[in-house]
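In: Give me the fold of what follows.
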Amino acid sequence: MPRYFFNVRDRYGFTPDREGVGLANTATAREKGFAGARSLICDDVAAGILDLAGSITVVDEGGTVVETDSEVGLVY
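Out: The predicted structure is shown next:
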């Protein structure tokens, strides 16, 4: 099963995903990336923070960028 990594860029800086997760395919990885970005937005809003400059970049085990989810794009 292919491994995908979900790297986060937010107000704190860049946090690489060093473990990744095995997923069936690229489409599933994209959906997980979207869900992760939405979850981060919800957590921030619940804490009284609205940082729309963040993003999650989904990278496959070969280092190819599969998707970049901008938080602004997910809100608007």
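
In: Residue 14 touches residue 54, doesn't it?
Out: No. The pair residue 14 and residue 54 fails to qualify as a contact (Cβ atoms under 8 Å) at a distance of 10.3 Å. Placement of C-beta: from N, CA and C, glycine included.

In: Could I get the contacting residues of the residue nearest in space to the middle of the chain?
Out: Nearest to the mean C-alpha position of the chain, counting by Cα atoms, centre = their mean, stands residue 56 at 2.8 Å. By Cβ atoms under 8 Å, 6 or more residues apart in numbering, the contact list for residue 56 reads 6, 7, 8, 9, 33, 36, 37, 40, 68, 69.

In: of the residues you listed, closest to residue 21?
Out: Closest approach between these and residue 21, by Cβ to Cβ: residue 6, at 7.6 Å.

In: check contacts around the closest residue to the closest one other than its chain neighbours.
Out: In space, and not counting its chain neighbours, residue 6 is closest to residue 17: 4.7 Å by Cβ to Cβ, 6 or more residues apart in numbering. Residues in contact with residue 17 (Cβ under 8 Å, 6+ apart) are 5, 6, 7, 8.

In: Pipe the residues you listed into JSON lines and attach pLDDT and distance to residue 47 per row.
Out: Below are the contacts of residue 17 laid out as JSON lines (pLDDT from 0 to 100; distance: Cβ to Cβ, whole Å):
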{"residue": "5", "pLDDT": "95", "distance to residue 47": "25"}
{"residue": "6", "pLDDT": "92", "distance to residue 47": "21"}
{"residue": "7", "pLDDT": "92", "distance to residue 47": "22"}
{"residue": "8", "pLDDT": "89", "distance to residue 47": "16"}
